[in-house]
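no sequence on this one, just coordinates:
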């Protein structure tokens with residue numbers, strides 16, 4: 001019987017099926033009671049998982065493309081399943097991709113580091129050899145705290161740095177989802193300061209205080225937002241980006257209007273303020289040129305002059 005009560009996670013159900021299905025394919029016909037005993041689970045859980053497996057397949061999801069497994073009068077029957085009729089053989093690129101995903105998954109908060117995963121990665125490394133790419137997943141200081149809050153419903157008080165205004169603000173939030181996009185972790189949270197749902201980048205959270213307040217956890221699917229959807233009040237800047245500054249395209253949410261053979265880009269990117277845009281242009285060292293709007297084309301020059309002016313003032317004062 002299952003040791004835990006309550007709904008089983010998708011991870012538990014899928015990992016269980018991956019373990020059970022190869023065994024089931026060899027049986028062709030087995031009683032529900034025998035299979036439940038074989039895998040130490042309740043008959044109701046087993047039936048639920050087998051019914052889920054019977055609906056798995058490939059497009060266009062016609063009956064012929066679904067897994068041929070069904071239950072009748074207390075027995076599980078297996079038909080001709082072309083998905084399982086031979087051992088899977090990975091190509092080198094497929095094996096590399098699996099190794100990459102497994103290495104990344106081990107760093108995700110809340111991911112179960114089971115012996116099955118370790119064993120699979122070890123086998124992949126034997127096939128691929130030592131010439132592998134190490135995966136370095138960003139792990140901000142408060143990632144585990146906000147992840148726990150998303151699942152527990154505990155409210156948080158945070159200090160958040162906003163680069164557009166170069167200032168910190170105190171906010172009380174309810175974390176709804178945690179997700180990663182373009183190498184950065186984000187949360188979507190109910191924000192008391194704006195009385196609205198907002199996105200916050202986790203590495204910009206400067207401090208967190210867990211409050212003795214809990215709310216009901218909503219079943220929300222984490223989705224990467226359409227970043228420009230809430231860009232009202234901000235300027236959408238069109239810019240030329242040379243190949244040496246391709247990190248801008250990879251790091252910041254933007255719309256690529258044109259990707260050129262020489263590695264350069266024409267992009268649209270939201271600028272929340274001239275301060276933020278100026279900092280970005282200085283970091284790029286001349287590798288980004290603002291095309292439009294016209295009032296933004298001189299931002300880099302104005303920002304550079306302001307920095308030089310402050311530097312000169314500081315130097316004269318010492």
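Thanks, I have the structure now. Small disclaimer: the values here were computed from a predicted structure and weren't measured.

Just the buried positions in stretch 253-271, please.
Across stretch 253-271, burial judged by 16 or more other CB atoms under 10 Å covers 253-254, 264-265, 267, 269-271. C-beta: built from backbone N, CA, C; applies to glycine.

Strands of this structure, start to end?
29-31, 69-72, 75-78, 154-162, 167-181, 184-191, 196-201, 205-214, 235-241, 254-259, 265-271, 288-292 (DSSP state E).

Same list (those) but as JSON lines, adding mean pLDDT.
Shown next, in JSON lines, are the strands of the chain (pLDDT from 0 to 100):
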{"stretch": "strand 29-31", "mean pLDDT": "87"}
{"stretch": "strand 69-72", "mean pLDDT": "80"}
{"stretch": "strand 75-78", "mean pLDDT": "84"}
{"stretch": "strand 154-162", "mean pLDDT": "91"}
{"stretch": "strand 167-181", "mean pLDDT": "87"}
{"stretch": "strand 184-191", "mean pLDDT": "86"}
{"stretch": "strand 196-201", "mean pLDDT": "85"}
{"stretch": "strand 205-214", "mean pLDDT": "93"}
{"stretch": "strand 235-241", "mean pLDDT": "88"}
{"stretch": "strand 254-259", "mean pLDDT": "83"}
{"stretch": "strand 265-271", "mean pLDDT": "87"}
{"stretch": "strand 288-292", "mean pLDDT": "90"}
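
In JSON lines: these, plus distance to residue 306.
Output for those, formatted as JSON lines (distance: least, CB to CB, whole Å):
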{"stretch": "strand 29-31", "distance to residue 306": "76"}
{"stretch": "strand 69-72", "distance to residue 306": "68"}
{"stretch": "strand 75-78", "distance to residue 306": "72"}
{"stretch": "strand 154-162", "distance to residue 306": "19"}
{"stretch": "strand 167-181", "distance to residue 306": "17"}
{"stretch": "strand 184-191", "distance to residue 306": "28"}
{"stretch": "strand 196-201", "distance to residue 306": "26"}
{"stretch": "strand 205-214", "distance to residue 306": "25"}
{"stretch": "strand 235-241", "distance to residue 306": "19"}
{"stretch": "strand 254-259", "distance to residue 306": "25"}
{"stretch": "strand 265-271", "distance to residue 306": "16"}
{"stretch": "strand 288-292", "distance to residue 306": "16"}
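
Show me the one of those strands that comes nearest residue 248.
Each of the strands of the chain has some distance to residue 248 by CB to CB; the shortest is strand 235-241, at 5.6 Å.

name the helices or strands packed onto the closest one?
Packed against strand 235-241 by the contact rule (3 or more CB pairs under 8 Å, 6 or more residues apart in numbering; DSSP states H and E) you find strand 265-271, strand 288-292.

burial of the nearest residue to residue 74 once chain neighbours are set aside, as a residue count?
With sequence-adjacent residues excluded and distances taken as CB to CB, 6 or more residues apart in numbering, residue 74 is closest to residue 32, at 5.5 Å. With neighbours defined by other CB atoms under 10 Å, the count for residue 32 comes to 17.

for the one 10 residues further on, same thing?
Under the neighbour criterion other CB under 10 Å, residue 42 is assigned a count of 11.

Surely it touches residue 32?
No - when contacts are counted by CB atoms under 8 Å, residue 42 is not listed as touching residue 32 (10.2 Å).

and the gap between the residue nearest to residue 74 and residue 52?
Distance, residue 32 to residue 52, using CB to CB, to the nearest Å: 15 Å.

Residue 245 too?
Noted for residue 245: a distance of 47 Å to residue 52, by CB to CB.

Could you check which of these two has the larger neighbour count?
The residue with more neighbours, out of residue 245 and residue 52, is residue 245; 22 against 14, by other CB under 10 Å.
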